[in-house]
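Novice: sequence and predicted structure, then a few things I'm wondering about:
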Amino acid sequence: MQEFIDGLIGTTTGMEQHLAYLAGMLVFGAAVVFGFILPIAGVTSWLERRVWARIQSRIGPNRVGPAGFLQWLADGLKNLLKEDVVPDAVDARLFRLAPYVVVTGFVAAFVAVPFAGSLIIADLNIGILYITAVTSLVVVGILMAGWSSNNKWSMLGGIRSATQIVSYEIPAGLAIFPAVLLSGTLSMQGIIESQGWEPWNWHMFHSPFALAAFLLFFVSTLAEGNRTPFDLPEAESELVAGFATEYSGMRSLLFFLAEWGNLYLIGALVATLYLGGWQVPDFTRSTFLLAVAQFGTFFLKAYFFVFVAMWIRATLPRVRVDQLMSLCWKYMVPIGLVSVIGTASVMVAFPEGNMTMRMAMTGLVGLLIVRFFLRVRYHLRRSKGVGFQPTGSVAQG
Amino acid sequence: MTEQEIQRKLEERFGAAVGPVAEGAGDSWIEVDADRIDEVAAFMKSDPALRFDCLSNQTGLDLPERNHIQVVYNLLSYEHRHEVTLKVNADREKPVVNTVEATWKAANWLEREIYDLLGVDFPGHSDLRRILLPDDWIGHPLRKDYVEAPEYHGISTIRESMLDIPGRS
Amino acid sequence: MSVEVEIEGRGGIATEEMTLNMGPQHPSTHGVLRFIVKADGEIMRTAIPDIGYLHRSIEKIAEKVGWHGFMPYTDRVDYVAAMTANQGWAMASEALGGIEVPRRGEYCRVIAAELGRICSHLLAVGAMGMDIGAITPFTHALREREMINDLLEELCGARLTFNYMRIGGVAWDLPPGYRDKVIDFLDHFEPVIHELNDLLSYNKIYVERLANVAPISAEMAISYNLVGPNLRGSGVSYDLRKDRPYSVYGDFEFDVPVGMGEQGTVGDCWDRYIVRMRECLQSCWILRQALDQIPEGPVIAKVPRNFKPKAGDVHVRVESARGDMNWYVAADGSEFPYRVHIHTGSFAAMSIIEEISEGMMIADLVAIIASLDIVAPEVDR
């Protein structure tokens, strides 16, 4: 971004340059937020509803726009037009501020997300560390929301959520280490550039430890984003809407936007760290086409994980708070530590990299994917009654 | 065990407090005194030949012609798979029946319901308060002479005609 | 909100108990239930149920509407599995009036009751999954329930409150082609139960949430008068249809699934849940036998319009989806019942929650309520 602005304003110095940068930041920020992040959050909400509906044998939104695609616009508009209810007994300042803190926490992370080789707002040399730090602001916002609502259930939800997010920062951080070790840098572009476009050149297939770290990272970020199976703070049957119970209208929509946008952020992080980001083979000399291809690849990879997260949410039940904590501290943190040490050991043992191990891991995961599809086919046939024996006839299921 | 055998065992133990097996148009029953019912209950549960470990149902009946409020106990034994019905008659002016909560925990809520809807007092009950109706309700609705209070918290319970909707002419 | 902080002698912080209200308005599918929960953080000290929000004085209404007129009200006593409520009232009235139901009528009753039982268990299982967080099995279970609703609508015109049975039999005979439709549905449905089982029952997270949660021993279950799948989940093998056969249940062969502590202790939430799943399959078996064996003949006996049974009282039990439904009916020789008392499994199940919820977490309370399959109209009548 910096080069872009420099190109526009020429070389100036002193106060004018700072002002120009500030103006550029605001313009860029608004453009990215309104042009990309909010639509992404909205489209993710549409996708989530359609994916859930398909899994639950129903249809989902299909009225507004083709296949209901503009449903999120309609929802956003409706919420903007709703009455702004601030209950009497709440702490008004904190109540009003909380959604914005949450949204800030998650939007600020997009500064360092690499959309393509040349499309990144700021290629910080502490990229991934910055993202991890800034998304923690969400905890503050959630606690504010839960506390200021003056409602014991909201407070419970807020505290549960804060505990969960803070606890799962540890395994998430540990799971980032192997990727950083393998890349040698914290910068997001650097991490991607150290991987190749072929699957076996991605970080996740480097060794079994890296694969474990990849899985650990995905699960930890799901927990940080309050997604099922870790969505106890928003458990509908217990706490109505958890920390967001007293919110209505646009404020509550902001919480949900933060959650859906966070999904995309999760996908983007996983794609960057372990799946090779925007890497595509060198197929053209045109920088524009290359950028488009890179953007598309990155988008697809990130959205694949968004889809997996939605799939998991529709399928799995919720984990209870104490089980969540024991999972984090007793299982995920040790796995994280082992994966860090393991990756480092493999790096020391094979300084030049080990193509055999990479191919073996790629093959293993490929076989698992094939097995998955075969199991799906088996279950589909079983549920359609292929080879069906009525109860009471011979043996019972 | 048949009902006659059960009745004989009870009579051996409790004498005049237990009546004979009475037949009616429906089920037959054994009548027990109101102030001995808790001992009878404990005996019925603990005696190895009887072993009535389950209070299947406990009902209160208002019988104004006989000036009684009757409490009917339907007992079931999962061990021996036999059933029996006990009946207790209490004076209608001031109905008092000993509680059987110590024997069967199910009696806790069942007796609360009978107290709520019929006004029977169960001395010895751990928590005798209204269960289905609000705590400040007046009267016991299942009594035959129950007349509803004209209003509850300012909401009138009387409407002269079905077409008489307040707010409309 | 202020929190008092006192330094105790041991150097710990004294915390105060929170009193939470899990109010009558709740996004849970079990109806209008209220719990006053005293919790120390996540762990509950007690959960006191407060019932009566759905009290409609049905028992008093019976004394005004007469014997025949009370049948629609019995649907509303348990609107999730209304057929067995109908059957209970019909059986009690017939016992008092000395009326014998023709065999075809009894078979129609069994078919309707078993279809209703499957309906109810599907809803129970689906709602339980949803309360635990698995939202998809709820939609699949309801999809199957829709098919049964269509079948029952064809039978009697209504999807939820059927009013199908009458004193003396049933209102209408099976429509033509009904047998094939029900068999088609059963052929489609049984693999779906296995699918629901694969999807939900052995899922690690689900088992962790339910196994060893609130185990109820057989002795406690009997003392509190838990019945039906709740009692069978605690290991007591007692099913009215098998141990005290009424109607024509003696003609059928079926098993009684009992909780055996497969995934935890005997009598925990998982046991009660899996008993319901297995009972669906047994109901399918009974339905097949009933449809095969149904004889020809009338479906209702001749019962006078102003039905006046002799004075007396009778206690009848039917096995509804939630266990023994006790119908105590007293007649005084007139055309109005003298006293009707309905005691259902959910009433007893609510009363046990206060005792078993101590030391559980708030998230477990929802699991307990769902596993006991409490429907509010049964509790309050």
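Specialist: Perfect, thanks for sending it.
Novice: for the residue of chain C found nearest chain A, which non-adjacent residue is closest in space?
Specialist: Minimum separation of chain C from chain A (C-beta to the nearest C-beta) falls at C:Gly133, amounting to 2.9 Å. To be clear about C-beta, it is placed using only N, CA and C from the backbone, and glycine gets the same treatment. Leaving aside its sequence neighbours, C:Gly133 sits nearest to A:Arg318 (C-beta to C-beta, 6 or more residues apart in numbering or on different chains; 2.9 Å).
Novice: now do the same for the one you found: helix, strand or coil?
Specialist: coil (DSSP: H, G, I helix; E, B strand; the rest coil).
Novice: mind listing what C:His121 touches?
Specialist: C:Arg276, C:Met277, C:Glu279, C:Cys280, C:Ser283, C:Ala321 (C-beta atoms under 8 Å, 6 or more residues apart in numbering or on different chains).
Novice: of all those residues, which comes closest to B:Leu142?
Specialist: Taking C-beta to C-beta as the measure, B:Leu142 sits nearest to C:Ala321 out of the contacts of C:His121, at 27.2 Å.
Novice: helices of chain C, start to end?
Specialist: Here chain C has its helices, by DSSP state H, at C:58-69, C:71-77, C:82-97, C:103-132, C:136-156, C:178-196, C:204-210, C:218-223, C:229-233, C:240-243, C:269-293, C:345-356, C:362-371, C:376-380.
Novice: tell me the residues of chain B that contact chain C?
Specialist: Applying C-beta under 8 Å from any C-beta of the partner chain, one finds that chain B approaches chain C through B:24-27, B:53-59, B:61-62, B:72, B:74, B:78, B:81, B:85, B:104-106, B:108-110, B:117, B:130-134, B:141-142.
Novice: now A:Val346: how far from chain C?
Specialist: For A:Val346, the distance to chain C equals 30 Å [C-beta to the nearest C-beta, to the nearest Å].
Novice: do you know the pLDDT at that residue?
Specialist: Predicted confidence (pLDDT) for A:Val346: 88.
Novice: wait, it touches A:Ser207, no?
Specialist: Yes. A:Val346 lies in contact with A:Ser207 (C-beta atoms under 8 Å); the separation is 4.4 Å.
Novice: in contact with A:Leu47, which residues?
Specialist: A:Leu47 makes contacts with A:Tyr303, A:Val306, A:Phe307, A:Met310, as judged by C-beta under 8 Å, 6+ apart.
Novice: repeat that for 7 Å
Specialist: A:Met310 (C-beta atoms under 7 Å, 6 or more residues apart in numbering or on different chains).
Novice: my guess is it is in a helix, correct?
Specialist: Yes. According to three-state DSSP, A:Leu47 belongs to a helix.
Novice: from chain C, how far out is it?
Specialist: From A:Leu47 to chain C the distance is 17 Å (C-beta to the nearest C-beta).
Novice: try A:Glu48
Specialist: Taking C-beta to the nearest C-beta, one finds A:Glu48 at 12 Å from chain C.
Novice: again, but for A:Gly190
Specialist: 37 Å.
Novice: what number of residues lie near that residue?
Specialist: By the criterion of other C-beta atoms under 10 Å in any protein chain shown, A:Gly190 has 17 neighbours.
Novice: quick one: contacts for residue 278?
Specialist: I'll assume chain A. Applying C-beta under 7 Å, 6+ apart, the residues near A:Trp278 are A:Pro114, A:Ala116, A:Gly117, A:Ile192, A:Gln294, A:Phe295, A:Thr297, A:Phe298.
Novice: that answer is for a different chain, and I need it for chain C
Specialist: Applying C-beta under 7 Å, 6+ apart to C:Arg278 gives the contacts C:Pro257.
Novice: flag the shaky bits of chain B, pLDDT-wise.
Specialist: Scanning chain B for pLDDT under 70 picks out B:164-169.
Novice: enumerate the residues of the stretch 201-350 of chain C near chain B.
Specialist: For the stretch 201-350 of chain C, the residues in contact with chain B (C-beta under 7 Å from any C-beta of the partner chain) are C:222-225, C:236, C:238, C:243, C:310-315, C:324, C:326, C:328, C:330, C:339, C:341, C:343, C:347-348.
Novice: Three-state assignment for the residue of chain B found nearest chain C, please.
Specialist: Residue of chain B nearest chain C, by C-beta to the nearest C-beta: B:Ala25 (2.8 Å). Following three-state DSSP, B:Ala25 is assigned to coil.
Novice: surely it is in contact with C:Val314?
Specialist: No. Counting by C-beta atoms under 7 Å, B:Ala25 does not reach C:Val314; the two are 8.3 Å apart.
Novice: who touches both of the two?
Specialist: C:Leu96.
Novice: more neighbours: which of those two?
Specialist: Shown here are B:Ala25 and C:Val314; by other C-beta under 10 Å, C:Val314 has more neighbours (22 against 16).
Novice: excluding its backbone neighbours, what's nearest that one?
Specialist: The nearest residue in space to C:Val314 (C-beta to C-beta, 6+ apart) is B:Gly26, at 3.5 Å.
Novice: repeat for A:Asn62
Specialist: A:Gly68 (4.4 Å).
Novice: sorry, back to before: tell me which of the contacts of C:His121 is nearest to C:Ile58?
Specialist: C:Ala321 (18.6 Å).
Novice: wait, the closest one sits on C:Ala82?
Specialist: No. C:Ala321 is beyond contact range of C:Ala82, at 10.0 Å (criterion: C-beta under 7 Å).
Novice: spit out the residues that contact those two alike.
Specialist: Between them, C:Ala321 and C:Ala82 share no contacting residue under C-beta under 7 Å, 6+ apart.
Novice: spatially nearest residue to the residue in the stretch 51-200 of chain A that chain B sits nearest to, not counting backbone neighbours?
Specialist: Across the stretch 51-200 of chain A, no residue is closer to chain B than A:Lys152, which sits at 23.2 Å (C-beta to the nearest C-beta). Computed as C-beta to C-beta, 6+ apart, the closest residue to A:Lys152 that is not its neighbour in sequence is C:Leu20, at 5.3 Å.
Novice: I'd say the one you found and A:Asn151 touch.
Specialist: No. Using C-beta under 7 Å, C:Leu20 is not in contact with A:Asn151; the gap is 10.0 Å.
Novice: could you check which of these two is surrounded by more residues?
Specialist: Legend: neighbour count by other C-beta under 10 Å for C:Leu20 and A:Asn151, higher for A:Asn151 (22 against 19).
Novice: ranges for the helices of the stretch 51-200 of chain A?
Specialist: A:71-81, A:92-107, A:127-135, A:137-148, A:152-183, A:188-193 (DSSP state H, counting those that start in this stretch).
Novice: can whichever helix or strand comes after the last one be said to contact chain C?
Specialist: Sequence-wise, the next helix or strand downstream of helix A:188-193 (DSSP states H and E) is helix A:208-224. No. If you take C-beta under 7 Å from any C-beta as the test, helix A:208-224 misses chain C, and the best it gets is 12.4 Å.
Novice: sorry, back to before: neighbours of the residue nearest to C:Val314, just the number please.
Specialist: B:Gly26, neighbours per other C-beta under 10 Å, totals 23.
Novice: and it, what does it touch?
Specialist: So B:Gly26 contacts C:Ala95, C:Leu96, C:Gly312, C:Asp313, C:Val314 (C-beta under 7 Å, 6+ apart).
Novice: which of those are buried, as a ChimeraX select command?
Specialist: Buried members of these, defined by 16 or more other C-beta atoms under 10 Å in any protein chain shown, are picked up in ChimeraX with:
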select /C:95,96,312,313,314
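Novice: so C:Trp89 is in contact with C:Gly69, correct?
Specialist: No. Taking C-beta under 7 Å as the definition, C:Trp89 is not a contact partner of C:Gly69, at 11.0 Å.
Novice: those two: which has the busier surroundings?
Specialist: Neighbours were counted for C:Trp89 and for C:Gly69 using other C-beta under 10 Å; C:Trp89 has more, 28 against 13.
Novice: next one: the spatially most central residue of chain A from A:Glu16, what distance?
Specialist: What sits nearest the mean C-alpha location of chain A, by C-alpha atoms, centre = their mean, is A:Ile266, with 1.7 Å. According to C-beta to C-beta, to the nearest Å, A:Ile266 stands 40 Å off from A:Glu16.
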